[in-house]
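Student: Sequence and predicted model, in that order:
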Amino acid sequence: MEIKFTRAATLKEKPDSSTLVFGKAMTDHMFIVDYDAGQGWHDPRIIPYGPLQIDPAAKVLHYGEEIFEGLKAYRIADGSIQLFRPRDNIDRMNKSADRLCLPRIPEELALAGITELVKTEQDWVPSEEGTSLYIRPFMIGLDAALGVHSSHHVQYIVVVCPVGAYYPEGLDPVKIYVEEKDVRAVKGGMGMAKTGGNYAASLRAGDLAEKAGYSQVLWLDGLHRKYIEEVGSMNVMFKVAGKILTPDLNGSVLDGITRRSCIQLLKDWGYEVEERRISAEELFEAAENGTLEEAWGTGTAAVVSPIGELAMGDKKVTVSNNQIGEITQKLYDELTGIQWGRIADPHGWIMKL
Ligand SMILES: *Cc1c(COP(=O)(O)O)cnc(C)c1O
């Protein structure tokens, strides 16, 4: 399918890379492709970035019929641009689409939307250490009728924005508390889908955590309120007595691509990785008997985020002396090394533009 291109009449001034706020500096263009039942995907186009015209009765506005992805384009030392595992993002988007009764999008079309937009906006890909172009593909159900049904008219849209180094002063351990009241997702719900609704469910706990001086919450499972699922909007891993533990993909945990990549690297390095149920109780016991060696979150935005303090009720424990653990740092160095083309990519994760 040929992508039609309409150039923006005026181009924006590019922001200073040292003062970028995550997700704010949107570029000059966006990619859109329509889907209509009976017709399939049609009219892919790159057009000037700007407001969407949506019917006020559109399903997405009332029933949250929305899914999204997040990945990055990296400018490497020779000036060229590359992506990290983009096909994994598209594959996951199609799994999310299945859950929300949105249409699957052909991989090559979804990928072309990403690569052609990044090529159009290549001058927006920053080159300073740690910066990248964040890519946000999303899909929305647009049928203009208030009945609760899946949509026949859908759009897949891609927008991009330059983002700064997540940790300009280096990897700083964060304080986390275990959320015992709200849950993010339940088995049978949408936890395995990357959809706005899960984020809406997470806002209240996130706000309260921030007010209490914590940066994120550790989510427990919705059924037993006992087993650890994720941290904020990241997957979570622990090093306990030399072994790596991470919650299994039980249906309410998002199948993170950073999680997947970390597991592969850890196995390459000879670590035993257990994907299984981990109770908060087990974790606090490990902290108290000194076997909880490291804890960290994983996700595209931060890559890895070390956890320095964990709180649950009136219990509080420090992890690896509130310092970055050795494995956390090694994972960060290895993944960012591959992403910015500084080290070899033995698993074929990089796609050059
Ligand atoms: C996107 C996301 C992650 C991390 O996934 P990556 O593919 O590693 O970026 C983890 N948890 C939730 C809830 C997410 O939405």
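Tutor: Structure received. All of these numbers come straight from a predicted model, not from anything done at the bench. Numbering: from 1, shown residues only.

Student: Go through stretch 138-145 and flag the buried ones.
Tutor: Residues of stretch 138-145 classed as buried: Phe138, Met139, Ile140, Gly141, Leu142, Asp143 (neighbour count, 16 or more other Cβ atoms under 10 Å). Every residue, glycine included, has its C-beta placed from N, CA and C.

Student: ok, Trp340 touching Tyr74?
Tutor: Yes: assessed by Cβ atoms under 8 Å, Trp340 is found in contact with Tyr74 at 5.4 Å.

Student: The two: who's more crowded?
Tutor: A direct count of neighbours by other Cβ atoms under 10 Å for Trp340 and Tyr74 places Tyr74 higher, at 23 against 19.

Student: The protein: helices as residue ranges?
Tutor: According to DSSP state H, the chain carries its helices in the segments 59-63, 86-99, 107-120, 196-211, 257-268, 280-288, 326-339.

Student: What residues are bridge-paired with Phe31?
Tutor: Ile46, Val158 (DSSP bridges).

Student: Redo the helices of the chain as TSV? Include mean neighbour count.
Tutor: TSV is the format used below for the helices of the chain (neighbours: other Cβ atoms under 10 Å):
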stretch	mean neighbour count
helix 59-63	18
helix 86-99	19
helix 107-120	19
helix 196-211	15
helix 257-268	19
helix 280-288	17
helix 326-339	19
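
Student: which one of the ones you listed lies closest to the ligand?
Tutor: Each of the helices of the chain has some distance to the ligand by Cβ to the nearest ligand atom; the shortest is helix 257-268, at 3.2 Å.

Student: so what's Tyr214 up against?
Tutor: Val174, Lys175, Ile176, Tyr177, Ala311 (Cβ atoms under 8 Å, 6 or more residues apart in numbering).

Student: Just confirm the fourth one contacts Ala311, I think it does.
Tutor: Yes: distance between Tyr177 and Ala311: 4.3 Å, which falls inside the contact criterion (Cβ under 8 Å).

Student: more neighbours, the two?
Tutor: Of the pair Tyr177 and Ala311, Tyr177 is the one with more neighbours under other Cβ under 10 Å, namely 22 against 19.

Student: Just give the closest residue to the residue in the stretch 1-150 of the chain that the ligand sits nearest to, not the sequence neighbours.
Tutor: Residue of the stretch 1-150 of the chain nearest the ligand, by Cβ to the nearest ligand atom: Gly70 (5.7 Å). Leaving aside its chain neighbours, Gly70 sits nearest to Thr300 (5.1 Å; criterion: Cβ to Cβ, 6 or more residues apart in numbering).

Student: Looks like the one you found contacts Ile257 (just checking).
Tutor: Yes: Thr300 is within contact range of Ile257, at 6.9 Å (criterion: Cβ under 8 Å).

Student: Dump the buried residues of stretch 138-145 to a markdown table, plus distance to the ligand and pLDDT.
Tutor: Listed next are these as a markdown table, based on distance: Cβ to the nearest ligand atom, whole Å; pLDDT from 0 to 100:
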| residue | distance to the ligand | pLDDT |
| --- | --- | --- |
| Phe138 | 12 | 98 |
| Met139 | 15 | 98 |
| Ile140 | 17 | 98 |
| Gly141 | 19 | 98 |
| Leu142 | 23 | 98 |
| Asp143 | 25 | 96 |
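
Student: For the stretch 51-200 of the chain, what lies in contact range of the ligand?
Tutor: Residues of the stretch 51-200 of the chain lying close to the ligand by Cβ under 6 Å from any ligand atom are Gly70, Lys194.

Student: Burial check on the residue of the stretch 51-200 of the chain at minimum distance from the ligand, number of neighbours?
Tutor: Using Cβ to the nearest ligand atom, the closest approach of the stretch 51-200 of the chain to the ligand is made by Lys194 at 4.8 Å. Neighbourhood size, Lys194 [other Cβ under 10 Å]: 24.
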